[in-house]
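A.B. asks: what follows is a predicted protein model with its sequence.
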Amino acid sequence: MSKNDKLATQIVSVGREKKFTKGIINPPVFRASTVVFDTMDEMRFAIKNKTNGEMFYGRRGTPTHFSFQQAISELEGGVGTALYPSGAGAISSALLSFLKSGDHLLMVDTAYEPTRDLCNKMLAGFGIETTYYDPMIGAGIRELIRPNTKVLFLESPGSITMEVQDVPTLSRIAHEHDMIVMLDNTWASPINSRPFDMGVDISIQAATKYIVGHSDVMMGTATANEKCWEQLRENSYLMGQTTSPDDVYLAARGLRTLGVRMAQHNKNALKVANWLASRPEVDHVRHPAFETCPGHEYFKRDFSSGNGLFSFVLKQGDLASVTAFVENMAHFKMGFSWGGFESLILGVFGINNIRTATQWDSSKPLIRLHIGLEDTDDLIADLDAAFERYNAVLNK
């Protein structure tokens, strides 16, 4: 593969070196715990080169893992990628790899809720203090940095409420204070932004979402630059993080169609979002491509495209009316996660209970959608019927 290849070609070609594929189109599934050697020289060579794609021990990885790690690293623009059994595992391991007792962490207020729980319940117990900050703080982040602040954690767009952060500015200021910058980059996937060009040190993916793409594998990745890769790799290994080669195979297979799937998710989502924006019941749409989404200007600058995930806010409503909206859908399924081929819907309450640095107007209900690969006319008809149920309850 050439570095000058277009993205669609890269997605098909990365991670397919013959030393991994053995001449087969898709890298085979290598299952292993023990690796045996014929001579001491072979064993010493494997130990010395265990980080360069040489088999050493099953937990370190097999060619199935190595090929996928190489593919993600090249697409994201990093030096190396560690694999984890979930996106939450990638986040926790990345943080624990660079924080110790007495350190201070700056965490975006709109982070994935399990990330917040990790900070409040585990990191606090380890003597690591967390300060939450407004995702739109920009250069104001300087005021929150302390001498012991070691990590700045970003998630852009933010979970549920979709704020897009000024990643280059935040990264630049963090590096002025010798901090490590981590980004939950799952929304962009490895192809719709260039985190390392924006100053990020570690880019994290819940590969469960768009990389796998079929709602049948849990996996996380953390890709690091040269400065952070060795420490991330070794500490993740010491924490026992490993993934099944069968799951990695499915993730690698899903990766090959990432470009065409993301393009269709984006096209479908924009059509549905524009229809929602025209509805009289809708206060505003929180899709990064819309001016009504905080940080829209950063989305235009830093992202090459969108995906299927966005939210919209209703002008009014309560638990009963929102329940009537989200229940009994024909095509939207109610469930957590996103990134698969199917459309999903969530009525989200209690956002103000998981925000401390920002405020949320809980009088206006928020509904989150993941737009899948179904025909958009069917999805819009499904939402139209949902509004009928919602209005019937609201107007009783």
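C.D. replies: Happy to help now that I have it.
A.B. asks: what ranges do the strands span in this structure?
C.D. replies: Using DSSP state E, the strands of the chain run over 80-84, 104-108, 129-133, 149-155, 180-184, 202-205, 220-224, 282-286, 309-314, 333-334, 344-348, 366-370.
A.B. asks: which of those sits most buried?
C.D. replies: strand 202-205 (a mean of 30; mean count of other C-beta atoms under 10 Å). For every residue, glycine as well, the C-beta is placed using N, CA and C.
A.B. asks: any residues touching that strand, and which ones?
C.D. replies: Here strand 202-205 makes contact (C-beta atoms under 8 Å, 6 or more residues apart in numbering) with 72, 76, 78, 87, 90-91, 94, 180-186, 189-190, 195-196, 211, 220-225, 228, 232.
A.B. asks: list the strands paired with it, with their directions.
C.D. replies: Sheet pairing of strand 202-205 (DSSP bridges) gives strand 180-184 (parallel), strand 220-224 (antiparallel).
A.B. asks: looking at those strands, which is closest to Lys271?
C.D. replies: strand 180-184 (26.9 Å; C-beta to C-beta).
A.B. asks: angle of the closest one against strand 104-108?
C.D. replies: Orientation check (axes from the mean of the first three to the mean of the last three C-alpha atoms, to 10 degrees): strand 180-184 against strand 104-108 gives 30 degrees.
A.B. asks: low-confidence ranges, the stretch 251-396 of the chain, go.
C.D. replies: The stretch 251-396 of the chain contains no residues with pLDDT under 70.
A.B. asks: go again with 90.
C.D. replies: 349-350, 352-353, 361-363, 395-396 (pLDDT under 90).
A.B. asks: number of residues surrounding Lys6?
C.D. replies: Around Lys6 there are 9 other residues, counting by other C-beta atoms under 10 Å.
A.B. asks: got the contact list for the nearest residue to Pro245 once chain neighbours are set aside?
C.D. replies: Spatial nearest neighbour of Pro245, excluding adjacent residues (C-beta to C-beta, 6 or more residues apart in numbering): Thr64 at 4.2 Å. Residues in contact with Thr64 (C-beta under 8 Å, 6+ apart) are 20, 27-30, 245, 248-249, 252.
A.B. asks: just Thr149 next, same as before
C.D. replies: 103-106, 177, 179 are the contacts of Thr149 under C-beta under 8 Å, 6+ apart.
A.B. asks: so which of the contacts of Thr64 belong to helices?
C.D. replies: 20, 245, 248-249, 252 (DSSP state H).
A.B. asks: could you dump the strands of the chain into a markdown table and include distance to Glu42?
C.D. replies: Formatted as a markdown table, those follow (distance: least, C-beta to C-beta, whole Å):
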| stretch | distance to Glu42 |
| --- | --- |
| strand 80-84 | 24 |
| strand 104-108 | 43 |
| strand 129-133 | 47 |
| strand 149-155 | 40 |
| strand 180-184 | 37 |
| strand 202-205 | 34 |
| strand 220-224 | 29 |
| strand 282-286 | 56 |
| strand 309-314 | 48 |
| strand 333-334 | 51 |
| strand 344-348 | 50 |
| strand 366-370 | 49 |
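A.B. asks: next, count neighbours for the closest residue to Arg172 other than its chain neighbours.
C.D. replies: Leaving aside its sequence neighbours, Arg172 sits nearest to Gly199 (C-beta to C-beta, 6+ apart; 5.8 Å). Gly199: 18 surrounding residues under other C-beta under 10 Å.
A.B. asks: for Gly199, report the pLDDT, please.
C.D. replies: For Gly199, the pLDDT comes out at 98.
A.B. asks: gap between it and His370?
C.D. replies: 29 Å (C-beta to C-beta, to the nearest Å).
A.B. asks: before we move on, what about Gly350?
C.D. replies: 20 Å.
A.B. asks: for Val36, same thing?
C.D. replies: For Val36, the distance to His370 - C-beta to C-beta - is 46 Å.
A.B. asks: kindly report the same for Ile351.
C.D. replies: From Ile351 across to His370, the span is 18 Å (C-beta to C-beta).
A.B. asks: one more: Lys227?
C.D. replies: 35 Å.
A.B. asks: next: Tyr237.
C.D. replies: For Tyr237, the distance to His370 - C-beta to C-beta - is 33 Å.
A.B. asks: and for Val393?
C.D. replies: Computed as C-beta to C-beta, the Val393 to His370 distance reads 24 Å.
A.B. asks: same question for Pro147.
C.D. replies: For Pro147, the distance to His370 equals 42 Å [C-beta to C-beta].
A.B. asks: same question, Val212
C.D. replies: Val212 is 14 Å from His370, by C-beta to C-beta.
A.B. asks: residue contacts, Lys50?
C.D. replies: By C-beta under 8 Å, 6+ apart, the neighbours of Lys50 are 56-57, 60.
A.B. asks: would JSON lines of those with pLDDT and distance to Ala263 be doable?
C.D. replies: Formatted as JSON lines, the contacts of Lys50 follow (pLDDT from 0 to 100; distance: C-beta to C-beta, whole Å):
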{"residue": "Phe56", "pLDDT": "83", "distance to Ala263": "39"}
{"residue": "Tyr57", "pLDDT": "86", "distance to Ala263": "40"}
{"residue": "Arg60", "pLDDT": "87", "distance to Ala263": "36"}
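A.B. asks: make CSV from those residues and add neighbour count and distance to Met43 to it.
C.D. replies: Below are those laid out as CSV (neighbours: other C-beta atoms under 10 Å; distance: C-beta to C-beta, whole Å):
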residue, neighbour count, distance to Met43
Phe56, 17, 9
Tyr57, 16, 11
Arg60, 18, 14
